[in-house]
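Enquirer: Generate a structure from the sequence data that follows.
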Amino acid sequence: MSKKGKVLVAMSGGIDSTVTALMLNAEGYEVVGITMKTWDYAASGGSKKETGCCNVDSFNDARQAAVEHGFAHYILDIREEFGDFVIENFVDEYLAGRTPNPCVLCNTHIKWRALLKRADALGCEFIATGHYAKIRQHDNGRFVVSKAIDDTKDQSYVLWGLQQDLLSRTLLPLGPYRKTEIRQMAHDFGYPELAKKNESYEICFVPDNDYRGFLKRKVEGLEEKVAGGNFIDKNGKILGTHKGYPFYTIGQRKGLDITFGKPVFVTRIDPDNNTVTLGDEEDLEQNEMTVGKINLVKYDAITPGMEAVTKIRYKDKGTLSNLFPIVETGHALSLRSTGHALSVETRHALSVRFYENAKGIAPGQSAVFYEGDDVIGGGIIQWGKLP
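Expert: Numbering: from 1, shown residues only. Got it, this is the predicted structure:
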């Protein structure tokens, strides 16, 4: 029995997760590798060859590394639970005129829970992944996600939804390292080809990066149902017709098939009326938004006016803001004016007020709140300014 403990490592077959497993093994942990089958790309009818974490080559690469270093490896089929939850949410969000972030949803509700369940069954104290982020225990006793050393690879943004029971048992060994160092480790462990392996940045179930085609294949007759809607300006004037509101995203400029002699951008999507509002780049700027489905990480409460740097997308540098708790009153939302904090037990939503305008706030995307390098918490963007 290892003095360090037993850890279940999610191994996709790529460089980051493989080095994670080999690093922990070398440090003296009793490692068990597990590769999760989340999706059969062939079932989606896409035109591109299956790539990324869900193909046979990746499974074999993960298993080979485990065998060569003397630790167990399993393949876990979670296609049913992944598909029922992540895929349906992905489709539903686009049909609701929002832009989903399936990787966040998968991490929060599927992958980590699936890992923890199997870790318990296998007697593992810890779970580990190849994400570039850090976890530590704060002075207040809570476990905190922090940014990785390598800001070009930092993935703390996609981990905001992990709750305390998951964070308390998660190891993220890559957080203190830069990607160049991880590539060198792959060489040092005897896997020079792995160090050169291409990384996949697509959504795993849309590896051809054509979400529109995916929606058309998943929803029978979708094109016919939504075709012929109107492009309008912010005053409601009809500018032309579009192909259907689910096929557009906030901030989109290319692929609109309509010209005005100047760049125009999608600024609003109205699924009820099948309209897509176009405007100038400055029309994408807003100084306030509402964020729901809050998960608090660093603190167990948000006090009214708490200052934070808020990121509204993965590559966003973040904008300084103040956070104001919102409570539900019947079917409406109202700012909490009593001075009470938003706590873990009463989390509903936050109004985020930016010091400077934020550009391209997209309902459905994640908003993540930072204090320095630490994740205070996060949630799902509901809308821009309060209606």
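
Enquirer: Now do the one helix or strand Ala26 maps to: distance to the chain's middle.
Expert: Ala26 belongs to helix 15-27 when assigned by DSSP states H and E. Centroid separation for helix 15-27 versus its chain: 23 Å, with C-alpha atoms, centre = their mean, to the nearest Å.

Enquirer: again with stretch 214-221
Expert: Using C-alpha atoms, centre = their mean, the offset of stretch 214-221 from its chain centre is 23 Å.

Enquirer: what's the burial count for Leu323?
Expert: Residues lying near Leu323 (other C-beta atoms under 10 Å) number 23. Any C-beta I mention is one placed from the backbone N, CA and C, and that applies to glycine too.

Enquirer: Asn209 now?
Expert: 12.

Enquirer: thinking again about what came up before, what does the helix holding Ala26 rub up against?
Expert: Here helix 15-27 makes contact (C-beta atoms under 8 Å, 6 or more residues apart in numbering) with 4, 7, 9-11, 31, 33, 61-62, 65-66, 69, 71, 128-132, 171, 173-174, 182-183, 185-186, 189, 191, 194-195, 197, 199.

Enquirer: Repeat that for stretch 257-268.
Expert: Residues outside stretch 257-268 that contact it (C-beta under 8 Å, 6+ apart): 231, 234, 239-240, 242-243, 248-253, 256, 276-281, 283-284.

Enquirer: likewise stretch 97-105?
Expert: Residues outside stretch 97-105 that contact it (C-beta under 8 Å, 6+ apart) are 85-86, 89-90, 93-94, 158, 160-161, 203, 205, 245-246, 249-250, 269-271, 362-366.

Enquirer: Would you mind extracting the C-alpha trace of it into CSV?
Expert: Extracted C-alpha coordinates of stretch 97-105, given in CSV (Å, rounded to 0.1, in the frame of the first residue of the first chain):
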residue,chain,number,x,y,z
GLY,A,97,-31.3,31.0,-28.3
ARG,A,98,-28.3,30.5,-25.9
THR,A,99,-24.7,29.4,-26.4
PRO,A,100,-23.9,26.4,-24.2
ASN,A,101,-20.5,25.4,-22.8
PRO,A,102,-20.7,21.6,-22.8
CYS,A,103,-17.2,21.0,-21.4
VAL,A,104,-18.1,22.9,-18.2
LEU,A,105,-21.4,20.9,-17.9
